[in-house]
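> just a sequence and a predicted model for now, questions to come.
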Amino acid sequence: MDDSELKEILLTLVKPNQNHLTLPSNVKGWSEQSDEPVCYWSGITCDPIDNSLIGLNLGNGFWTETLLGMSQTDEDGTTTRHYQDRLLLDYEEIQDLYLHKNRKTLDSINARKQRNLQKGEAAAGPTFPSALGKIKTLRFINLSTNQIQGPIPKSITDLPNLEIFDVTKNDIIGAFPDFQSDSLMVLDISKNRFYGAIPKHLFGHPEIGEDTAPYLKSIVKFDISHNGFNYTIPLNGDSGFYDKEAQTETVLKNLQYFDLGYNLLTGTIPNNIGNFASLQGLFLENNRLVGTIPKVLYRGSGIGANPLPLVQLFLQGNMLSGTLPSGLAQLPNLKELYVDGNKLTGTIAPAICKKGLNEVFVNDEAEHDLCDNVVCPANSISFEGVAPCTRCEEDGSDFRRYLGQRDKECRPKLSEVEILDLFFDHMHGEEWLDQRYFWEAGSPACQRPGIECSDSGKVTAIRLPSLGLRGPLISELGFLSELHSLDLSDNFITGFVPSEFRFVDKLIDFDIKGNELQGGIPVLLCITEGINSNGVGPKGTKFDLLYSCDNIACARGTYSDFGHAIVPTEEDADGTQCVPCYDDEAQFFIGRDSCTDISIGMLQFRKDDIRHVAVYTMLALFTSAFIIHLVIMARRKKKYVLSENEDSSSQHQDPFPLQRQDSPLSVEDDEYEEYSDDDWTAADSETGTLTKKEGRDTAIELTDILPAIA
C-alpha cells in the first residue's frame, strides 16, 4: 500500500472536522495540505525496514481532542485503591508491563455514564474507524480515552498481525470481540459498555477442542474490566491444548495480567487459573462470584507446579465464602491482597499478616495490627474493609461475623421482627397480590400471615408462594436461627441465593422454584446437610447425588418438576435429577420447575427450533407441490405437441421417423412394437430420432419443459 493510499485512509479519521480544524504546531501531518510522508505523522509508527505502517498511537484523547477538537469529559470520583494507570503506547513495551492500575468506584463510573447519556454527550463521540481494517500491516492500535461510540468493526478484529489493541475508557458497545490475530499480546477493552457472556470457547473447552482464540499462546495482558460481561468465567474443563501427561495447559503460559473486575460475572473462581504460570496480576473484584478461594492460586496446577508469581490479587466485593487460606502466605511475590466485602469467616493467618501487604494503599501512620492491612477482623467495620478498622461491641450480631465488613458504623443486632420488616420492604410487600398478607411494620412476627412460630415465639416457617414478591432475596433471612421451612416459590424474586442460609442449622424445606434468581448456589450451602435432604440418603448413594447444589435449586439451563433435585430414597436409585432445558427462562434463571421445550422420549427439542422446522417443512412441501404441478403441466403440453405432429404426418411425410434406442427401426418395419408417447424423449438434434428414457416415471428435465411451454 503506497503513501497516497495510506494518507487517504488516515484522513478519514479527521474528515468530520477537516474544514475548520486548526492543528497545534507540534502535530505533523493529518491534513490534505501536508507534504509529510505518512510515516512522519504524529501518532504513526512505521517499520524501519520496509516503511509499512505498523502502529497507530492516538490514545489519551489525541484523536478526539487534538485532531478533532472535541472536549473531553473528565471522570469524577476518587481513587480508592492505589496505583497509577499506565497505557501501553508501544508494542515493544510488552516485556515491561507495569501491573498497577487505577481503581475507581463502580458507582462513580456508572453515574458518569448516566449523566453523559442524559446530557446527550454520549452521542457526540465518533464511531470506530473501520477504514483502519484496510491496513493489514497494523500491529498495534491505541485509541484509549477517545469517546468512541458503537461496536468494533469486523475489519478491525480480522487484522492478521495485531499485537496490541487498547481502547480503554471509551463508550464502545457490543459482545466480546472475536480477534483473529495469533500474535495478540495486549487486549485492553476495559471501561466500555461490552456485555453478554464471555464465549465459552475463548480459553478452550472440552466440547470444542482447539477451536479457541488464536492468541492464547501469545497473550500477555487480558483486561476486560469495568464492562457488563455476565455468566461464568469459561475456564472450567480442559481445552484442546491440555497436556494429560503433565496435567496442565500448554497455552496461556505468557499471561501476566488477567483483569475481569467490575463486571457481572457469577459462578466460582475456576481452578484452571492455576495453569497461568506467569500470572502476576489477577483481578476479579466486584463481581458476583461465590464459593471458596481455590488452593491452585498458591499451589499452581499440574505435576511439579510451583506457586503462581502473583504480585496483586484482588478478590474483594464478591460473595466468596469459607476462610482466608493460610497458603496465600506461600506466594513469594505477593504485595497486594484484597478480600474485603465477601462472606469470609474465621481469622487471618499470622503468616499472611507478616508479609507486610497493601502498604501502597494503607497509608495509616497510627499503630495497628498488621493483619488489618489485609482485611478487618470479624466484629469490626471499616469504610474500605481494611485498616483503619473500628472494633464493635460484642452483641451477638450475626452480620458482623464476616471479615472485612464495609460500613460507617457498628449496626446493632437485628431482631426477628426487624428482619421481617426488612424482608417486607425489599419484597415490595405493599404490592403483594393478596392484601391479607400485608405486614404492618413492628407488628409481632408470629401474628403475620404466612409466618409460623415455635412455642417460644421464634420464626420457624415462612410460606409466601405465588404472591407476586419481587426484589432481591435479603441475606438477613439466614439469621433466623429456628427457621426450618422457607417457601417463596412462584414469585418474581431476583438477585442471588445468600450463603447465610448455611448458618440455619434447622433449615429442611427450601423452595425457591419459579423465580428469577440468577448465579449459582454458594458452595458451602451445597455441602450443608439437611436442606431439601441434601446429604441425607441411603447407604451406597453416589456422592454427587447425595451432596449437590442441584438439591438446593436446579442450575441455570436445567429444570425439574420440583425446581431442585431430590436425593434418592432407595439404594442404587437415581432420585429426581435436574435435566437440561434450553428455553430462555431456564438459560437465565435457577430453580426452574418447567420447560417450554418439547420432550419426545429422551430427547428434547426447543419450541423455536420446532417452529423453524415446521416453517421450513411447509416451504419444502409447497415448493415440491409447485414443481410437481409444473411437471404435470409440461407432460400434458408435450403430449399435445406430439399429437399435433401425428395429425400432420398423415398429410406430410415425416422427415424424422421414430426409431428405438436399443434397436433402431423405422416406423414402417413389420416387427415394430408399439410404445406410448411417454416412452420417448425429445428428438436428437443431429439424428432426428426420439430416444427412450430408462423408466416411465423419470422426472422430466427442465430442458424438456421449457421448449414445450414456449
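That came through, no problem.
> OK, contacts around the spatially closest residue to Ala349 that is not a sequence neighbour?
Among residues not flanking Ala349 along the chain, Ser326 sits closest, at 3.5 Å (CB to CB, 6 or more residues apart in numbering). To be clear about C-beta, it is placed using only N, CA and C from the backbone, and glycine gets the same treatment. Contacts for Ser326 (CB atoms under 8 Å, 6 or more residues apart in numbering) come out as 349, 351-352.
> low pLDDT regions in the stretch 551-700 of the chain?
Scanning the stretch 551-700 of the chain for pLDDT under 70 picks out the ranges 597-616, 636-700.
> what are the boundaries of the helices in the stretch 351-500 of the chain?
416-426 (DSSP state H, counting those that start in this stretch).
> how about the strands of it, start to end?
Here the stretch 351-500 of the chain has its strands, by DSSP state E, counting those that start in this stretch, at 380-381, 390-391, 451-453, 459-463, 470-472, 485-487, 492-494.
> TSV for these, including mean pLDDT, mean neighbour count and distance to Tyr437?
Shown next, in TSV, are the strands of the stretch 351-500 of the chain (pLDDT from 0 to 100; neighbours: other CB atoms under 10 Å; distance: least, CB to CB, whole Å):
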stretch	mean pLDDT	mean neighbour count	distance to Tyr437
strand 380-381	90	20	35
strand 390-391	90	12	40
strand 451-453	96	17	10
strand 459-463	97	18	10
strand 470-472	94	15	14
strand 485-487	97	18	13
strand 492-494	94	17	15
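> who wins for proximity to Glu8 among the ones you listed?
strand 492-494 (52.1 Å; CB to CB).
> follow-up on the earlier one: I'd like the strands of the stretch 351-500 of the chain written out as CSV, with distance to Gly535 added.
As requested, those are arranged in CSV below (distance: least, CB to CB, whole Å):
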stretch, distance to Gly535
strand 380-381, 33
strand 390-391, 37
strand 451-453, 25
strand 459-463, 21
strand 470-472, 27
strand 485-487, 18
strand 492-494, 25
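> any idea which of those gets closest to Glu431?
Nearest to Glu431 among these is strand 470-472 (7.6 Å), distances taken as CB to CB.
> who's in contact with the closest one?
Residues outside strand 470-472 that contact it (CB under 8 Å, 6+ apart) are 426-428, 431, 491-496.
> pLDDT below threshold where in this structure?
The chain contains residues with pLDDT under 70 at 16-21, 72-124, 204-211, 236-250, 301-304, 363-368, 396-399, 597-616, 636-710.
> just want the most central residue of it.
Centre of the chain computed as the mean C-alpha position; nearest residue by CA atoms, centre = their mean is Ala197, 1.0 Å away.
> just give the nearest non-adjacent residue to it, would you?
Tyr231 (4.0 Å).
> what bridges to the one you found?
Beta-bridge partners of Tyr231, counted by DSSP bridges, are Leu265.
> hmm, it is touching Asn263, no?
No. Taking CB atoms under 8 Å as the definition, Tyr231 is not a contact partner of Asn263, at 9.9 Å.
> who has more neighbours, those two?
Set side by side, Tyr231 and Asn263 show more neighbours around Asn263, with 25 against 19, by other CB atoms under 10 Å.
> about what we covered before: among the strands of the stretch 351-500 of the chain, which is nearest Phe622?
Phe622 lies closest to strand 492-494 among the strands of the stretch 351-500 of the chain, at 43.1 Å (CB to CB).
> which other helices and strands contact the closest one?
Where contact means 3 or more CB pairs under 8 Å, 6 or more residues apart in numbering; DSSP states H and E, strand 492-494 is packed against strand 470-472.
> how about the helices in the stretch 51-200 of the chain?
Going by DSSP H, counting those that start in this stretch, the stretch 51-200 of the chain shows helices at 106-119, 154-157.
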